[in-house]
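Next come a sequence and a model predicted from it.
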Amino acid sequence: MDVNHLRSFCAVVDERSFGRAASRLQLTQPAISMHVKALEQDLGEVLLLRSRRGVEATEAGHILYRHAQRLFTELAAARQHIDELRDLQRGHLRIGCSDTVSTYILMPVLASFSSDYPGIAVSIRNRPTLQIAQLLHDRQIEIGLMTEPQPSERFDVQSLFDYREVAVCAPDYPLVSSERLGLQQLCRERLLLLEKGTKSRGLLDQDFATLGAAPSAVMEFGGVEVQKACARLGLGVAIIPDFAAHGDLDQGRLRQITIDGLSPRKVALVTESRRQLSRVAKSFLGRLTDWSESPGPVKNLKPQ
């Protein structure tokens, strides 16, 4: 059933005339007649009858007219919504990242983006790196923010920024006078670490293994904020990303110790290589890229 044929039919019903319908749609009268005839052949029913009062719809014609009007309303709404999507007045942004990256990296950028585009819905899935990769593969998210993802033909990986792991402890902790320590020296302390299964913990364990070192005592946690809280209580030394320490350092609640011998870590933007991203996702990626290229973006981050 052709939409243009329906428009011609409805115009005839509205105008009660083939001629006036043709003039309204800027078509010839024979063209209007052909459209109505095509509909009648398709449905196997007579839709219009001529009378002294003009052209009138049959019972079947009235049924078709009512449904066609609803169809035109839905089509107009679809066009409006698509136009709004093009102008970023609506849409859905789906992101996957860790709690730490979400708190310290994503939130400041997302706050600015949401302020500019309040009609955009946002879903954030906080998961470890491997699970974020699976969410991308399953197309449950469009953008992943990960720590040093493994190269893969399935994904496009764009480095966002480098950071370092640092040790933090309470201001009165015995190690507070040390500005720099190696991993082997830190192994003598109770270490407050992220739980196994996270990318950050895996990289740290690799560093310990490379040095042939092993911590004497470990407390494991599911998030950086809990690590820091325990460090503030003097329960041990937390090893966390440097960008997650700035707020506590500025307020004097923690002291930082540089860890010698650790290579920089990377946070990357990851998307599916064969997937056409939505306009919303492309716009947000641009916002993240601009932020990462600004002077010292990580240095100035604090939790929202």
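Arrived safely.

Residue 259 - nearest residue in space that isn't next to it in sequence?
Distances taken as CB to CB, 6 or more residues apart in numbering put residue 167 closest to residue 259, at 5.6 Å, once the chain neighbours are dropped. C-beta: built from backbone N, CA, C; applies to glycine.

can you pull the contacts of the residue nearest to residue 106 when sequence neighbours are not counted?
Of all residues not flanking residue 106 in the chain, residue 97 sits nearest, at 5.8 Å (CB to CB, 6+ apart). Residues near residue 97 by CB atoms under 8 Å, 6 or more residues apart in numbering: 105-106, 124-127, 132, 144-146.

Which of those residues are buried, as a PyMOL select command?
Entered in PyMOL, the line below selects the buried ones among the contacts of residue 97, by 16 or more other CB atoms under 10 Å:
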select buried, resi 105+106+124+126+127+132+144+145+146
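
what's the closest of the contacts of residue 97 to residue 209?
Taking CB to CB as the measure, residue 146 is the one of these closest to residue 209, at 21.8 Å.

What helix or strand is the closest one located in?
strand 143-147 (DSSP states H and E).

same thing with residue 288?
Here residue 288 is assigned to helix 279-293, by DSSP H and E.

tell me the angle that helix makes with strand 143-147.
30 degrees (axes from the mean of the first three to the mean of the last three CA atoms, to 10 degrees).

mean confidence for helix 279-293?
In this model, helix 279-293 carries a mean pLDDT of 87.

mind listing the strands for the stretch 201-304 of the chain?
Taking DSSP state E, counting those that start in this stretch as the test, the strands found in the stretch 201-304 of the chain are 217-221, 237-241, 255-260, 265-272.

brain fart, the stretch 51-200 of the chain
Using DSSP E, counting those that start in this stretch, the strands found in the stretch 51-200 of the chain span residues 54-57, 91-97, 120-126, 143-147, 155-163, 165-169, 180-182, 190-194.

Partner strands of the fifth one, with direction?
Each strand that pairs with strand 155-163, with its direction, by DSSP bridges: strand 265-272 (antiparallel).

cool, and the second one?
Using DSSP bridges, the strands paired with strand 91-97 in its sheet are strand 120-126 (parallel), strand 143-147 (parallel).

what sits up against the longest one?
Just to be clear, that refers to strand 120-126. Strand 120-126 is contacted from outside by 88, 90-99, 102, 106, 110, 113-114, 132, 135, 140-141, 280, using CB under 8 Å, 6+ apart.
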